[in-house]
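1. Have a look; sequence and predicted model below, questions after that.
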Amino acid sequence: AVRLAPVAVALGAMTLVLLAAGELSRGTPAGIPDAGAAVAWAVAAGRLLAQVCAVLTVGSVLVPVLLDPGDPRGDATRRAAAGWAAAWAVCSACVSVLTVWHVTAVPPGRMPSGTLPTTVWALPPARALLLVTLLATLAALSAVVGAMARSARSAR
């Protein structure tokens with residue numbers, strides 16, 4: 001079960017960080033189209049979440065290297081790496097789509113159907129986020145396979 005207090009604290013901290021960094025206070029200059037404040041907030045929040053998940057993925061991969069090989073905490077952090085990498089992949093995929101809406105200044109419901117995949121591929125920032133999604137997915141899969149192989153070896 002997810003405890004709501006840590007989630008609320010994390011969301012509040014994330015909002016404060018975004019406000020302090022000036023990510024959310026920038027307005028759109030007059031005459032320039034905009035996809036809306038919700039898209040701007042979502043892009044900033046998604047980028048922050050993706051970066052936090054990336055840091056936690058790398059940390060979860062490196063901690064077992066620093067621990068004693070027989071330490072049971074290493075197995076737990078390897079399993080955590082798979083979860084963080086999966087979250088990183090999901091966040092990156094979402095930010096890729098949000099980036100398209102933000103860059104093209106087309107709100108989510110107004111983009112013509114069928115154009116999103118080609119637009120994601122046509123925009124370099126969105127395409128780079130797709131590559132990050134692929135790499136994070138591979139990291140998650142390799143962490144799962146590695147954890148399964150390690151547990152199979154220890155069961156023998």
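-> Great, that's in hand. Numbering: from 1, shown residues only.

2. Give the other helices and strands that the host helix or strand of Leu19 contacts.
-> Counting by DSSP states H and E, the element that carries Leu19 is helix 4-21. Applying 3 or more Cβ pairs under 8 Å, 6 or more residues apart in numbering; DSSP states H and E, one finds that helix 4-21 contacts helix 37-66. Where you see a C-beta, it was placed from the backbone N, CA and C, and this is true even at glycine.

3. Could you pull out the buried residues of the first helix or strand past the helix it packs on going along the chain?
-> Sequence order places helix 72-104 as the next helix or strand after helix 37-66, per DSSP H and E. For helix 72-104, the buried set under the neighbour-count rule, 16 or more other Cβ atoms under 10 Å, comprises 74, 77-102, 104.

4. now do stretch 106-116
-> By neighbour count with 16+ other Cβ under 10 Å, stretch 106-116 contains the buried residues Val106, Met111, Leu116.

5. So what would you say the end-to-end distance of that stretch is?
-> End-to-end distance of stretch 106-116: 11 Å, with Cα to Cα, to the nearest Å as the criterion.

6. Residues in contact with it: which ones?
-> Contacts with stretch 106-116, where a contact means Cβ atoms under 8 Å, 6 or more residues apart in numbering, come from Ala35, Gly36, Val39, Val97, Val100, Trp101, Thr104, Thr119.

7. quick one: contacts for the fifth one?
-> Spelled out, it's Val100. Residues counted as contacts of Val100 (Cβ under 8 Å, 6+ apart) are Val106, Met111, Leu116, Thr119, Val120, Leu123, Ala126.

8. Next, format these as CSV and append distance to Thr57 and secondary structure.
-> Below are the contacts of Val100 laid out as CSV (distance: Cβ to Cβ, whole Å; DSSP: H, G, I helix; E, B strand; the rest coil):
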residue, distance to Thr57, secondary structure
Val106, 32, coil
Met111, 31, coil
Leu116, 27, helix
Thr119, 28, helix
Val120, 23, helix
Leu123, 25, coil
Ala126, 21, helix
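
9. Around Ala136, how many other residues sit close by?
-> The number of residues packed near Ala136 is 24, by other Cβ atoms under 10 Å.

10. Now do it against Trp84, distance only.
-> Going from Ala136 to Trp84 by Cβ to Cβ, to the nearest Å gives 9 Å.

11. got any residues that touch both of those two?
-> Common neighbours of Ala136 and Trp84, using Cβ under 8 Å, 6+ apart, are Cys53, Thr57.
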